[in-house]
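[1] based on what follows, work out the 3D shape:
(chains A and B)
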Protein chains: 2
Amino acid sequence: MGTTQLETVPEPKYWHLKTVLREALDADFAVGEILPNERDLAARFGVARATLRQALEQLELEGRLQRRRGVGTTVAPPRVGVDVSTTRGEWPGAAQDAWRPVDCDLTGVPAEVATLLETEVGEEVHTVRRIRISHGQSVAAERLYVPASSVPELSAIDAPSGPARARGVLRELQHLGLDGQDRAVELGSAGADDARELDRLPGAPVLVVTTRYVAGGRTAAVSVATYRADTCRLTFGASGDLEIGENPQERQAS
Amino acid sequence: MGTTQLETVPEPKYWHLKTVLREALDADFAVGEILPNERDLAARFGVARATLRQALEQLELEGRLQRRRGVGTTVAPPRVGVDVSTTRGEWPGAAQDAWRPVDCDLTGVPAEVATLLETEVGEEVHTVRRIRISHGQSVAAERLYVPASSVPELSAIDAPSGPARARGVLRELQHLGLDGQDRAVELGSAGADDARELDRLPGAPVLVVTTRYVAGGRTAAVSVATYRADTCRLTFGASGDLEIGENPQERQAS
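    The predicted structure is shown next:
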């Protein structure tokens, strides 16, 4: 039974190369070290550059390599666990929040967020931008979308934008009774703004965490947080203070 | 403040093409429809094939396209929310479990799992393979690693392998008192076995969910589940019965 009904997918050309490269990384390179350029590497392993490039892309997905414009390809440090478990009944911006407010503007709400907020596409909402710092590095960029109706007491007079405005919106949210929140994680690609804030190339794979905050029986705010997929492992400590602390880098059966 | 200290990363060549392609997908193509081949597409949009390929890869990351060997590139259906929230105190294989046991063998434990289980690398553990079906499709493949010491009563006599053996191991786990579990999500690439079971190409991006089950003060089992990143959005319904039901496909600020 099991898999017999599925056709056999042969391993692609770069598969063996990937294994060889992974072993070379373990044996010959230190974390942070810059790899030789693609031409030299292809020559060293006797493969075509296209094959080499595919293997490098794979190792990037697996968190073993990082590619940065102007630097080249470097050996990645182990991924860092970033706690994204929800604390029941806490709004963003509550005490102990790991996020730093950067800016706040009135912007049109993107289509997929409009659906969650049950607002019209393009309707203006307070958009709080925040950055999450972990171990001295920006690991995530967030957009928190808050309809004006969720923060009716917000003063329009002082601080029309900037971090002070962001803090004002967050402060107003704390006044609402939070019914609950839910969360989804999916794969995405870094937009130009997020890429800049996370020091990644536009289009780099990211983990997108969408959180819906429900108050008074409706969605009062939606957070879309973009985490660096190369350096982050999102942890959900569902039961007390357990946490997966080690670095499971290579997940395939070998 | 904010982003001023970071260098400006220019948008890559394929960026505009991606936007154009996305609009074309919305306007001219139905879900499941096969796209013209790369040469024709490149000609249609007046770009080099390398540029086109980068844009297609991006749209695949974002869940808009699927690429399958022997079929070509098709327009992806909206991602499906797959619930991965933990139920406190439940072992895998408990009632209502969404997973189907496929096989069970004694195999050497991979290095990263050995660390979590605090066993020696290569030490043999019961390895239960399971498949998760959602909406008639395999959405995830799991390896559940169970040291012999966690299931001391397991009979070695009947069903040395196969689904029956898998069910036997899961049944024995239910006898242990579960202290808690924690969970981590990270990006990975599909190994050859997982790719076969998930009907994906080897190396396709996947979301890897690692769960540690703690009983009697130690890690009694570790599950490494590989979810299709193209079709799945992992949902964590942290507060009661809320769930993000809509399909937020496009996450960038546009």
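[2] report how many residues lie close to the nearest residue to A:A204 once chain neighbours are set aside.
    Residue nearest to A:A204 in three dimensions, not counting chain neighbours: A:A190, with 4.7 Å by Cβ to Cβ, 6 or more residues apart in numbering or on different chains. Every C-beta, even on glycine, is put in place using the N, C-alpha and C of the backbone. By other Cβ atoms under 10 Å in any protein chain shown, 27 other residues sit near A:A190.
[3] next one: A:Y14
    Look at A:Y14: counted by other Cβ under 10 Å, it has 22 neighbours.
[4] follow-up on the earlier one: what's the per-residue pLDDT of the residue nearest to A:A204 here?
    At A:A190, the predicted lDDT confidence score is 90.
[5] got it, and the one 5 residues further on?
    Per-residue confidence (pLDDT) for A:A195: 88.
[6] which residues touch the closest residue to A:G93 other than its chain neighbours?
    Excluding the flanking residues, the one nearest A:G93 by Cβ to Cβ, 6+ apart is A:L170, at 3.0 Å. By Cβ atoms under 8 Å, 6 or more residues apart in numbering or on different chains, A:L170 lies in contact with A:91-93, A:101, A:128.
[7] which one among these gets closest to B:E112?
    A:P92 (32.3 Å; Cβ to Cβ).
[8] that closest one: how many residues sit nearby?
    22.
[9] so what pLDDT did it get?
    As predicted, A:P92 sits at a pLDDT of 89.
[10] looking at this, it is in a helix?
    No. In this structure, A:P92 is coil, not part of a helix, as judged by DSSP: H, G, I helix; E, B strand; the rest coil.
[11] tell me which residues of the lengthiest helix in chain A come out buried.
    Counting residues, the longest helix found in chain A (DSSP state H) is helix A:14-28. Buried residues in helix A:14-28, defined by neighbour count with 16 or more other Cβ atoms under 10 Å in any protein chain shown: A:14-15, A:17-18, A:21-22, A:25.
[12] could you list the single helix or strand in chain A with the lowest mean pLDDT?
    strand A:65-68 (a mean of 83; mean pLDDT, DSSP states H and E).
[13] residue ranges with poor pLDDT in chain A?
    Within chain A, the stretches with pLDDT under 70 are A:1-11, A:86-89, A:156-158, A:238-254.
[14] and the helices in it?
    Under DSSP H, chain A gives helices at A:14-28, A:38-45, A:49-61, A:111-117, A:162-173, A:192-198.
[15] now, of these, which is deepest in the fold?
    Greatest average neighbour count among these goes to helix A:192-198 (a mean of 22), per mean count of other Cβ atoms under 10 Å in any protein chain shown.
[16] coming back round to it: any residue of the longest helix of chain A up close to chain B?
    Yes. Against chain B, helix A:14-28 shows contacts by Cβ under 8 Å from any Cβ of the partner chain at A:14-15, A:18.
[17] could I get the residues you listed as JSON lines with distance to A:A225?
    Listed next are the residues of helix A:14-28 next to chain B as JSON lines, based on distance: Cβ to Cβ, whole Å:
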{"residue": "A:Y14", "distance to A:A225": "32"}
{"residue": "A:W15", "distance to A:A225": "33"}
{"residue": "A:K18", "distance to A:A225": "30"}
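[18] coming back round to it: direction included, what does the least confident helix or strand of chain A pair against?
    Sheet pairing of strand A:65-68 (DSSP bridges) gives strand A:72-75 (antiparallel).
[19] how far away is the residue nearest in space to the middle of chain A from B:V169?
    The centroid of chain A falls nearest to A:Y227 when counting by Cα atoms, centre = their mean (1.4 Å). Between A:Y227 and B:V169 the distance is 34 Å, computed by Cβ to Cβ, to the nearest Å.
[20] from A:S150, how far out is the residue nearest to A:G93?
    11 Å.
[21] pick out the most distant pair among the buried residues of helix A:14-28.
    Within the buried residues of helix A:14-28, A:W15 and A:L25 form the most distant pair, 15.9 Å apart (Cβ to Cβ).
[22] list the contacts for A:L65?
    With contact taken as Cβ under 8 Å, 6+ apart, A:L65 is in contact with A:25, A:35, A:56, A:59, A:73-76.
[23] is it bridged to anything, and to what?
    The partner residues for A:L65, given DSSP bridges, come to A:V75.
[24] which of the residues in the least confident helix or strand of chain A are buried?
    Applying 16+ other Cβ under 10 Å to strand A:65-68 flags A:65-67 as buried.
[25] just those now: which is nearest A:L41?
    A:L65 (11.3 Å).
[26] distance of the closest one from chain B?
    Applying Cβ to the nearest Cβ, to the nearest Å, the value for A:L65 to chain B is 12 Å.
[27] do the same with A:E23
    13 Å.
[28] for burial, what's the neighbour tally of A:Q96?
    Neighbourhood size, A:Q96 [other Cβ under 10 Å]: 6.
[29] so what's the backbone phi/psi at it?
    Dihedral pair for A:Q96: phi 70, psi 0, per degrees, to the nearest 10.
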